[in-house]
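*Asks:* here is a sequence together with a model predicted from it:
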Amino acid sequence: MIVGKLQELVLELKVGDVMTADPITLGPGDRMSDLRDLLRAHHFSGLPVVDDKQLVGIVSVEDFIKFLGNGKDDCAVEEEMTGVVQTLYADDSLTHAIGRFESSGLGRFPVVERSGGALVGIVTKGDLIRGMLRRLEAEFHEEEIHRYRASHLFEDVEADATALTLRYDVAGQDFKRAGEASSRLKRTLSHLGIRPDVARRVAIGCYEAEMNLVIFTDGGTIDAQVRPASIVVEVRDEGPGIDDLEKALQPGYSTAADWVRELGFGAGMGLPNIRKMGDEFDIRSTAGKGTVLTVSFDTSEAGDETD
Amino acid sequence: MKLTDLMEELDLGVRVAGDTLNGEVTGGYASDLISDVLAHATAGDLWVTLQTHQNIVAVASLKDLAGVVLVGGREPQEDTLLKAEEEGVPILVSRMTAFELVGRLYALGIRSAELEAVEV
Ligand SMILES: Nc1ncnc2c1ncn2[C@@H]1O[C@H](COP(=O)(O)OP(=O)(O)O)[C@@H](O)[C@H]1O
Ligand SMILES: [Mg+2]
């Protein structure tokens, strides 16, 4: 069921907001070999065929396969394309577009001008989803969204992969701002309706990683990907890297300076803690280059709230 | 037990009232190591520590702790006060040592949730 914010967006957003504008096209006289090259280069599933700005057809991977199957010589795209094409207008609402995708079973629609029929874009199901997520993301930054659940958001989305990525920049050696990224992430997760105990685990793992950026590096980034059934946190920095990873992962091992230890950091428990909080844990580091830490947290099963 | 009741019983000073001064304290944790608190404290715990710097606020807020008590007559740093106001984390102070304060809390029925789960 579509709820709250997502429902508003479906009504408010137009096809023109989410489509790919000025798509790559073919002319009717272009060759099937040109089509092959484009399909290969861009992984398109189909391209509009345009004659003097007017949409005259669409030619797809299926058309290309049929053409190969018939063993014909290279010929004009015009001969193999589908000529009668269903289209959408840029000012159609997403609700309308979703209905059209569903009733037609098509994977993409050319978007044309209401008067004149000139091609202005192309839109796929993936564009609809990405468009809505992009808009939602913009609004998170303004912290305007409350009380709707991420689980619902993802229930409505049909795609092989969807994720909302939240990025935080962390400055090195800045103890005053240390922890801000993790605090902000935790707040956003709670706005998204992530279970409090899960949000807490993510935030704790994130905090340990953030402190390592602050203490040991010149800064880095934290990317939190909110996926339908998990949250994946990736923490990157550009050095100094870790010489002996095995040692660094041992509880109690720390190279932190004395003054850092006096603040209660440098107990050598950070990486072990992160490992304990996450469901999957991976760390790669090259001395002199930098470190990439990836931790994922399951949000799907795990039954009822534990606290 | 309510945080306000503990304040009265143990004569704790309030430096920042925060959002949860009226809330329930469901357990306690004493430590000066940040990672240790992150790993072992439980939501709803009152945290007893001698750390006074502003990072204690983020830790308390990330862990959803009931509040922080600084022991041994220590006072929170200026930054700590500002951050705690911002995040709504109660910051209290006590003249007692950690040992003494934890003993009194225990006598009032406050327990460590983690140890209960591990089974003592
Ligand atoms: N991003 C990083 N870049 C360089 N070194 C790191 C990084 N993260 C951790 N380390 C090294 O690994 C050690 C162990 O890290 P951790 O388990 O978090 O303990 P602590 O932070 O208390 O030292 C650190 O003391 C440091 O030497
Ligand atoms: Mg660490």
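*Replies:* Sure thing, it's come through. Ligands and ions are numbered 1, 2, ... in the order given.
*Asks:* ok, and the closest non-adjacent residue to whichever residue of chain A sits closest to ligand 1?
*Replies:* Closest residue of chain A to ligand 1, Cβ to the nearest ligand atom: A:Gly270 (2.2 Å). Where you see a C-beta, it was placed from the backbone N, CA and C, and this is true even at glycine. In space, not counting the residues next to it along the chain, A:Gly270 is nearest to A:Glu208; the distance is 4.1 Å by Cβ to Cβ, 6 or more residues apart in numbering or on different chains.
*Asks:* any stretches of chain B with poor pLDDT?
*Replies:* Regions of chain B meeting the criterion pLDDT under 70 cover residues B:114-120.
*Asks:* please, where are all the helices along it?
*Replies:* Counting by DSSP state H, chain B has helices at residues B:3-10, B:34-40, B:55-62, B:78-87, B:98-107, B:113-118.
*Asks:* now swap in the stretch 51-200 of chain A and tell me
*Replies:* For the stretch 51-200 of chain A, applying DSSP state H, counting those that start in this stretch gives helices covering A:61-69, A:94-104, A:125-141, A:150-155, A:180-191, A:196-216.
*Asks:* next, the contact list for the residue positioned nearest the centre of chain A, please.
*Replies:* Per Cα atoms, centre = their mean, the C-alpha nearest to the average position across chain A is that of A:Ala163, at 4.2 Å. Neighbour list for A:Ala163: A:Gln225, A:Val226, A:Arg227, A:Val232 [criterion: Cβ atoms under 8 Å, 6 or more residues apart in numbering or on different chains].
*Asks:* pull the most distant pair out of the residues you listed.
*Replies:* A:Val226 and A:Val232 (8.5 Å; Cβ to Cβ).
*Asks:* so for the two, which sits in the more crowded spot?
*Replies:* More crowded of A:Val226 and A:Val232, by other Cβ atoms under 10 Å in any protein chain shown: A:Val226, with 24 against 18.
*Asks:* leaving out the residues flanking it, which one is nearest to that one?
*Replies:* Closest residue in space to A:Val226, ignoring its immediate chain neighbours: A:Leu164 at 4.5 Å, by Cβ to Cβ, 6+ apart.
*Asks:* what's the local residue count around the residue in chain B that ligand 2 sits nearest to?
*Replies:* Closest to ligand 2 within chain B is B:Ser35: 6.7 Å, counting by Cβ to the ion. Applying other Cβ under 10 Å, we find 26 residues neighbouring B:Ser35.
*Asks:* who touches it in this structure?
*Replies:* B:Ser35 makes contact with A:Glu208, A:Phe265, A:Ala267, A:Gly268, A:Met269, A:Gly270, A:Asn273 under the criterion Cβ under 8 Å, 6+ apart.
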